[in-house]
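# predicted coordinates and the sequence they were generated for:
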Amino acid sequence: MLTKVMNHMDESTKHAVDAASVFTAVGSVLAWLPAIAALFTIVWTGIRIYETKTVQKWLKKDASKE
């Protein structure tokens, strides 16, 4: 049935449906981006804090006590 409908559509209608499909896909992906971006930001900030001289000094001082 869908094949028959697609065969009877003109090219401009097909392009409009394709564009709507792309916008729908991008919109659904963008809904996930804030949560993913927040997670990556937390991980990146944790890595940056871990790499600071102060934290590294604390870790080396604790390691030398053992």
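On my side now, so go ahead.
# look through this structure and tell me its longest helix.
Assignment by DSSP state H gives helix 11-50 as the longest helix of the chain.
# mean confidence for it?
What helix 11-50 shows for mean pLDDT is 88.
# what's the neighbour count on residue 60?
The local packing of residue 60 (other C-beta atoms under 10 Å) involves 9 other residues. Every C-beta, even on glycine, is put in place using the N, C-alpha and C of the backbone.
# quick one, grab the pLDDT at it.
89.
# and it, how far is that from residue 50?
13 Å (C-beta to C-beta, to the nearest Å).
# check residue 21 too.
For residue 21 relative to residue 50 (C-beta to C-beta), the value is 43 Å.
# picking up where we left off before, can you give me the buried ones in the longest helix of the chain?
Neighbour counts over helix 11-50 (16 or more other C-beta atoms under 10 Å) mark no residue as buried.
# mind checking how far it is from the chain centre?
Relative to its chain's centre, helix 11-50 lies at 5 Å (C-alpha atoms, centre = their mean, to the nearest Å).
# closest to the centroid, which residue in this structure?
What sits nearest the mean C-alpha location of the chain, by C-alpha atoms, centre = their mean, is residue 33, with 4.5 Å.
# I'd like to know how far that residue sits from residue 26.
Residue 33 is 10 Å from residue 26, by C-beta to C-beta.
# now swap in residue 52 and tell me
Using C-beta to C-beta, one gets 38 Å for the distance from residue 52 to residue 26.
# so who does residue 59 touch?
Going by C-beta atoms under 8 Å, 6 or more residues apart in numbering, residue 59 touches no other residue.
# now it: how far from residue 8?
Taking C-beta to C-beta, one finds residue 59 at 69 Å from residue 8.
# same check on residue 20?
Counting by C-beta to C-beta - residue 20 and residue 8 are separated by 18 Å.
# same question for residue 27.
For residue 27, the distance to residue 8 - C-beta to C-beta - is 28 Å.
# again with residue 46
Taking C-beta to C-beta, one finds residue 46 at 56 Å from residue 8.
# what of residue 23?
24 Å.
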